[in-house]
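Asker: requesting a structural model of the entry that follows:
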Amino acid sequence: MGNKTQTNSEARLAYELHLGKRVSDNHWYKVKRNLEDGGFEVNADTAVFYAKLKQHLPRTSVGTLKVFEHYQKAEKLLAQSASKIRGLEILEILSNQGINPHPATISRWFKPVGGFRKTRLYYPEKLTPVLTAAFIYQTVNSIKLGA
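Answerer: Numbers count the residues shown, from 1 in each chain. Now for the predicted structure:
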């Protein structure tokens, strides 16, 4: 029991350090529950990963498990890419996944990486949150359309 409590304290501390603030017990309980529901062990690494995910996608309307699945899907797709990817190639990847959003939506997704240009080169590791947002967009819109 003591080891699990220690891991929990370390995870909470790592989470709070990443956020730069203390969180309430209730907030931490929800984070812990979301991680456990997502099938993750509650430790410092997963807590910081969760914090980063929530910073990139603060108001997502799909569950945490779905966000984790989309994040992993984005990482796998990007792992197949070369050292840098052109903006146009990202649009092709999205189109191949059946995602064809309005240009304003694309701009919003790319804001954290300095905006979108078809000819700009992007590092794949910086694009994981962008593709994750696109997959969430697809999920939310398929739910709205009843697909």
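Asker: this structure: strands as residue ranges?
Answerer: 85-86, 121-122 (DSSP state E).
Asker: what would the ones you listed look like in JSON lines with distance to residue 94?
Answerer: C-beta coordinates here come from the backbone N, C-alpha and C atoms, glycine included. Shown next, in JSON lines, are the strands of the chain (distance: least, C-beta to C-beta, whole Å):
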{"stretch": "strand 85-86", "distance to residue 94": "12"}
{"stretch": "strand 121-122", "distance to residue 94": "13"}
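Asker: residue 136: how many residues sit nearby?
Answerer: When neighbours are counted by other C-beta atoms under 10 Å, residue 136 registers 19.
Asker: typo on my end, residue 36
Answerer: By the criterion of other C-beta under 10 Å, residue 36 has 12 neighbours.
Asker: residue 48 versus the residue lying closest to it once chain neighbours are set aside, what's the distance?
Answerer: Excluding the flanking residues, the one nearest residue 36 by C-beta to C-beta, 6 or more residues apart in numbering is residue 42, at 6.4 Å. Look at residue 42 and residue 48: by C-beta to C-beta, to the nearest Å, they are 12 Å apart.
Asker: these two: which is more packed in?
Answerer: Just comparing residue 42 and residue 48: by other C-beta under 10 Å the higher neighbour count belongs to residue 42, 21 against 16.
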